[in-house]
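Asks: sequence first, predicted coordinates after that:
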Amino acid sequence: MLYQLYPQSGRTKVFTDKQSGIKFPCLTIAEIKARYPDGCFTVVGETGGFASGGDCPDTLASDGGKTVPVLPRGSHIRPWERVAGYIAVDRDTYVAAVKSAAPAFLWKLRFFRARRRQDK
């Protein structure tokens, strides 16, 4: 199935798919929680992260016509990947934007090591 971007208003950020370099507008997790406090929205799949599309029949098309694979829910590798936001593909329907958690973890580790050196 080919998913198209659905126009959204509100606090959006830009999600860049690292494998293809395509940018998508996505809603933050805080914005989703504010819009759907009861959790009544649908997540049809995930895109981004370490996983590759392979034979995945689902794709997400950007405004420029380029596509990225949409993997089934639960495809991201915990704890190394996390959901960074949600890309709207229909009313109350989203694709989860997955990012690597490793760079954030490594940055925090570096910060704590630098602080530890200052304390000595």
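Replies: Happy to help now that I have it.

Asks: surely R91 is in contact with Y6?
Replies: Yes: with contact defined as CB atoms under 8 Å, R91 reaches Y6; the gap is 6.9 Å. C-beta coordinates here come from the backbone N, C-alpha and C atoms, glycine included.

Asks: look at these two and report which has more neighbours.
Replies: Between R91 and Y6, counting by other CB atoms under 10 Å, Y6 is the more crowded of the two (14 against 8).

Asks: let me know the secondary structure of that one.
Replies: When classified by DSSP: H, G, I helix; E, B strand; the rest coil, Y6 comes out as coil.

Asks: neighbours of the residue nearest to it when sequence neighbours are not counted, just the number please.
Replies: Spatial nearest neighbour of Y6, chain neighbours left out: A88 (4.1 Å); criterion: CB to CB, 6 or more residues apart in numbering. By the criterion of other CB under 10 Å, A88 has 22 neighbours.

Asks: now swap in V98 and tell me
Replies: The burial count for V98: 24, using other CB under 10 Å.

Asks: looks to me like it is in a helix.
Replies: No: looking at V98 with three-state DSSP, it is strand, so not inside a helix.

Asks: and the helices in this structure, which stretches?
Replies: Listed in chain order, the helices found in the chain under DSSP state H are 29-35, 102-119.

Asks: lowest mean pLDDT across the ones you listed, which one is that?
Replies: Of all the helices of the chain, mean pLDDT reaches its minimum on helix 102-119 (a mean of 73).
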